[in-house]
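Peer 1: Starting from these lines, generate the structure:
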Amino acid sequence: MENRGQKHHRERLQETLREELGALVEGELGDPRIGLVSVTEVHLGSDGKSARVFVSAAGSDDEAEQSLEGLNAARGYIRHELTRRLGVRQAPEIFFVLDRSEQYGGRIEELLQRVEKRKRRN
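Peer 2: Predicted structure coming up:
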């Protein structure tokens, strides 16, 4: 079980990773496959050696998949840059995951509105 100090350190590291990855992804990668992408969340593994990076991509599902491919192709460069920027010996292994929470949220909102309309009719 983590103590409070470790937990706080981990949260700060996740937030720092999110900010640095966001800056890298949004402005410094030249891969044409990568469209309009933003980093929404970072989950650091319990050992600190891996991180799941949730990204939101604008466009169709095809464009989002292409952006994800481009990000995965740039993982080595991204890790190298994180090591340099954060001043750490080794950056965590990065795994990019599409964040579809906005789409799910929109769908849930749509369904709730339908239910509300039906209630008003009855």
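
Peer 1: who's in contact with residue 68?
Peer 2: 55, 57, 96, 98 (C-beta atoms under 8 Å, 6 or more residues apart in numbering). C-beta here means a position set from N, CA and C on the backbone, and glycine is covered the same way.

Peer 1: please redo it, this time with the cut-off set to 7 Å
Peer 2: 96, 98 (C-beta atoms under 7 Å, 6 or more residues apart in numbering).

Peer 1: how close does it sit to residue 36?
Peer 2: 13 Å (C-beta to C-beta, to the nearest Å).

Peer 1: Output the below-cut-off pLDDT ranges for the chain.
Peer 2: Within the chain, the segments meeting pLDDT under 70 span 1-2, 101, 103-106, 122.

Peer 1: mind running it again at 80?
Peer 2: 1-3, 5-6, 8, 100-108, 110-111, 121-122 (pLDDT under 80).

Peer 1: for the protein, what spans make up the helices?
Peer 2: In the chain, the segments counted as helices under DSSP state H are 4-27, 61-73, 75-86, 101-121.
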